[in-house]
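[1] give me a 3D structure for the following:
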Amino acid sequence: MKAVVLAAGEGKRLRPLTETRPKVMLPLAGKPILHHLLLEAKKAGITEAVIIIRYMKDSIINYFSAIDLGMKLTFIEQKENDGTGAALLYAKDEIKDTFVALAGDIVTEASVIKSVIDAHEGGITLAVKKVSNPREYGVVELSNGKVSLFEEKVMHPKSDLANLSVYCMEPTVFGELQSLGKSDRGEYEIVDLFIGAKAVEVEGYWRDIGYPWDLFDALEFLLSKMESKNGHIENSTIEGKVIMEEGAKIINSYVEGHVYLGANTVIGPNAILRGTNSIGKNCSVGGSSTLKNSILFDHVNAKHLAYIGDSILGEHVNLGSGTQIANFRFDGSTINVLTEKGWVNSGRKKLGVFVGDHTKFGVLSCTMPGKLIGSDCWIYSGVIVNKNVPSKTKAYVKQQMEFAKE
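    Predicted coordinates for the structure are as follows:
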């Protein structure tokens, strides 16, 4: 069976992390989320995938051209029109039989995909799952197992059954899509065909990556499924599971929880890792630095007395000595984040900072909870970041020194 994977989107709500990569290429535990998804699709019986691409398409093509997934991949660029329906139409010449359609920005497991395939009886079959925050998703109401109502991210949803963007379909869907008009959002959307479609409620893991903090939950799931792989561990205490790639080292340090270490990454001396962490290749965390529940992309340095909590740092980020990332409000409330779409309640009481690629922090700088710092920024020494910092910005404070003679 073939799959059509929709991977054309930029992911504006995921900025600054998506300023320099498509959202489907955000790395978790050593692989982009699209890579994890294709591996699960393969386990569910998918032998070929047609991947619809647009935003920073070359980064997707180049990555998958350099590896062998054991399945055939075809890349098609979405050139005109927006929306899931328009994206799906670009695959019509590649699909001649029953197929699976998947959003490329989800983390899930093979059982979810297989449940939809097994339940499919023709037309469209979609996976649904009860969620605690239905206003953030498209939700459906069911009547005798068929969709009777669909609502997209409304303030007061009538259902808590979320559409998971995992579908099984017949090729006849392409003719139906071609007859669609634009939605209220000005896009061609597959959801306009849902009324009357079959829905199957699934039990397996699923997470839509809509905001940066969604990556934390997805990481916990991925690491829970991975097997331990030890490497060079010297004079260190390990209280949990480590997955170490070639050349990774842990030296004179303390590790509590699950951690993934990319190739040639060095932890220590005297570092502390707590909770669930994913650290890319060629990183360095040492010199009494602490890392907690965080995701570091490749080439990140935090060598001296830094604290990084509940944060995501892009590639080539450097933290000067004593950099501190605050991740908790004095009043203990959940942390709001000012995103491209306005203020959003993260629902998390612990949340640090999200930093784009190639940003540098000076000594003794710090950040307040839930801030976004763009790519190619300089945060000068002694700066307290208490608001979002746009990309290519230098943030500094003016200091007036005064002297008094005795």
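[2] nearest residue to residue 132 other than its sequence neighbours?
    Distance criterion CB to CB, 6 or more residues apart in numbering; nearest residue to residue 132, sequence neighbours excluded, is residue 160 at 7.6 Å. C-beta coordinates here come from the backbone N, C-alpha and C atoms, glycine included.
[3] how near is the one you found to residue 102?
    Residue 160 sits 22 Å away from residue 102, going by CB to CB, to the nearest Å.
[4] neighbour-wise, which of the two wins?
    More crowded of residue 160 and residue 102, by other CB atoms under 10 Å: residue 102, with 28 against 15.
[5] quick check: beta-bridge partners of that one?
    residue 5, residue 166 (DSSP bridges).
[6] for residue 385, see how far away it is.
    On the measure of CB to CB, residue 102 and residue 385 end up 37 Å apart.
[7] picking up where we left off before, what's near enough to touch the residue nearest to residue 132?
    Residue 160 makes contacts with 130-132, 134, 139, as judged by CB atoms under 8 Å, 6 or more residues apart in numbering.
[8] ok, now with 6 Å
    130-131, 134 (CB atoms under 6 Å, 6 or more residues apart in numbering).
[9] hmm, residue 393 is touching residue 377, no?
    Yes - contact status for residue 393 versus residue 377: in contact at 5.1 Å, counting by CB atoms under 6 Å.
[10] ok, back up a step: and the gap between the residue nearest to residue 132 and residue 152?
    Distance from residue 160 to residue 152, by CB to CB: 15 Å.
[11] got the contact list for residue 390?
    Per CB under 6 Å, 6+ apart, neighbours of residue 390: residue 374.
[12] use 342 as the first number from now on
    In the new numbering, first residue 342, that becomes residue 731.
[13] show the pLDDT at it.
    Listed pLDDT for residue 731 reads 96.
[14] check the one 5 residues further on too.
    With respect to pLDDT, residue 736 has a value of 95.
[15] distance of it from residue 485?
    58 Å.
[16] before we move on, what about residue 376?
    Residue 376 is 38 Å from residue 485, by CB to CB.
[17] and what of residue 420?
    Distance from residue 420 to residue 485, counting by CB to CB: 40 Å.
[18] am I right that residue 579 is in a helix?
    No - Residue 579 is assigned strand when assessed by DSSP: H, G, I helix; E, B strand; the rest coil, not a helix.
[19] verify the contact between it and residue 595 for me.
    No - using CB under 6 Å, residue 579 makes no contact with residue 595, being 8.3 Å away.
[20] hmm, back to that, min pLDDT across the contacts of residue 501, which one?
    Lowest pLDDT among these: residue 475, 77.
[21] can you pull the contacts of the nearest residue to residue 458 once chain neighbours are set aside?
    Once flanking residues are discounted, residue 458 sits nearest to residue 509: 5.3 Å by CB to CB, 6+ apart. Residues in contact with residue 509 (CB under 6 Å, 6+ apart) are 441, 457-458, 461, 466.
[22] how about residue 509, phi and psi?
    phi -120, psi 130 (degrees, to the nearest 10).
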